[in-house]
Each structure stands twice: as C-alpha cells, then as structure tokens.
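Participant: Let me see the structure of the following:
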Amino acid sequence: MKTSTVTDRTIYEMQAEICKTLTNPKRIEILNALKDGERTVTELVEILGVAKANVSQHLAVMRHKGILTTRRVGVNIYYRVSNQKVIDACSLMKEVLFEQHAAKKKIVTGV
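Facilitator: Numbering: from 1, shown residues only. Model prediction:
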C-alpha cells in the first residue's frame, strides 16, 4: 500500500482551499463572466447586478488565491482567469449537476 507523500497532502490542501474559495455562488458567476476573456470591475458590476464593493471583494479573494490575474491599462484594471483549466473544471462540475438533476427528474416523473 502506497503512503501519501507530503507533496500529495500539500496538493490536497491547496485543492481544498481553491474549492473553499469557490463555495460562493457569486464567485462562480464571476468566473462564468470571465470565461470568454478579461473584464473590468465596471463590466462585471453591470453583468452581475451587484454593488461594486461586493464585486471588488470577491475579485480580491480570487486574485489572492491565484484564481484570477490582473493587468492595468490607465485607470482600468482588467481581470482574467489565470488558468483556463479552472473554467474547464467548473464547466465539468456544472455538467455533472445537470445530469444529476435530469436523473432525479426522470425518477420522480418516470420520463
């Protein structure tokens, strides 16, 4: 039986931290808004329909965890997903949830 290495444990801890960061639905919504490219805070506020301070707070948390990166152009800061695989993982999980929902619906309705 193989024992876990420190590296494995470290990766599991890092993965758990990223997953904890993504437990907020607004953060997943932000990722969805960024899936096709970078956006400014103002653009994200318009898309999400929430206060700028709230969006900025979520962006700061995700940037701190390495999920997002930024670039500045004049007074604008553009946010983007640091690794496309984060979007891919969220999309995959969304597909799983749709499949689970469809399966439950089929059991309940018999269709």
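
Participant: In this protein, which helix is the longest?
Facilitator: When the chain is parsed with DSSP state H, its longest helix is helix 84-109.

Participant: got the buried residues for that helix?
Facilitator: Neighbour-count burial for helix 84-109 flags V86, C90 (criterion: 16 or more other C-beta atoms under 10 Å). Heads up, the C-betas are built off the backbone N, CA and C, glycines and all.

Participant: just checking, what packs against it?
Facilitator: Counting contacts by 3 or more C-beta pairs under 8 Å, 6 or more residues apart in numbering; DSSP states H and E, helix 84-109 packs against helix 25-34.

Participant: tell me the mean pLDDT over the helix it packs on?
Facilitator: For helix 25-34, mean pLDDT is 96.

Participant: Hey, what's the angle from that helix to helix 84-109? Just curious.
Facilitator: 120 degrees (axes from the mean of the first three to the mean of the last three C-alpha atoms, to 10 degrees).
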